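Peer 1: Just the structure for this:
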Amino acid sequence: MDQLAGATHAGDTGEGAKFYTIGDLAREFGVTLRTLRFYEDRGLLAPRRDGTARIYDVRDRERLSVILKGKQLGFTLTEIRAMVAEERSGNGAAMNLKLSLDQIEDQIRHLEQQKVEIEEALAELQSRRAGLAAAA
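Peer 2: The predicted structure is shown next:
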């Protein structure tokens, strides 16, 4: 399995293709092996299998990058799956997190609402902490 780490192998098209192990991608993107298996279970990644080893190609790596960017921007896996599916049906160009203006505006509103709720929760907890500290 480790012999495939970052190795270049001939792909089905005869062109050189770069393959990665699950450990390679986990280290590169700072995620756990469990996270990668979870994304595979949810149909977001589809590595090739060599026995029990998962072998990822450049497209899988690009797809993972898009998934993680979507998570960073606060999108759900369902929303990200739809974005990735749109990419797969495209012309095969490099994957990118393509968002419409409506999606961006909706996400900004959603995150701003979450921010308000978090600030309210923090204020409540800080108030309770101050009350407990004063009583002690």
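Peer 1: Contact partners for Phe29?
Peer 2: 64-65, 68 (Cβ atoms under 8 Å, 6 or more residues apart in numbering). C-betas here are computed from N, CA, C, even on glycine.
Peer 1: All the strands of the chain, residue numbers only.
Peer 2: 8-10, 16-21, 48-50, 53-57 (DSSP state E).
Peer 1: Starting from the last one, tell me which strands it pairs with and how they run.
Peer 2: Spelled out, that is strand 53-57. strand 16-21 (antiparallel), strand 48-50 (antiparallel) (DSSP bridges).
Peer 1: and those strands, which one is worst for confidence?
Peer 2: Least confidently modelled of these is strand 16-21, at a mean of 84 by mean pLDDT.
Peer 1: Could you check how many residues crowd around Gln113?
Peer 2: 10 (other Cβ atoms under 10 Å).
Peer 1: actually Phe75, not the one I typed
Peer 2: If we define neighbours as other Cβ under 10 Å, then Phe75 has 20 of them.
Peer 1: Next, count neighbours for the spatially closest residue to it that is not a sequence neighbour.
Peer 2: In space, and not counting its chain neighbours, Phe75 is closest to Gln107: 6.8 Å by Cβ to Cβ, 6 or more residues apart in numbering. Other residues near Gln107 number 16, with proximity taken as other Cβ under 10 Å.
Peer 1: contacting residues around Gln107?
Peer 2: Counted by Cβ under 8 Å, 6+ apart, Gln107 has contacts 73-75, 99.
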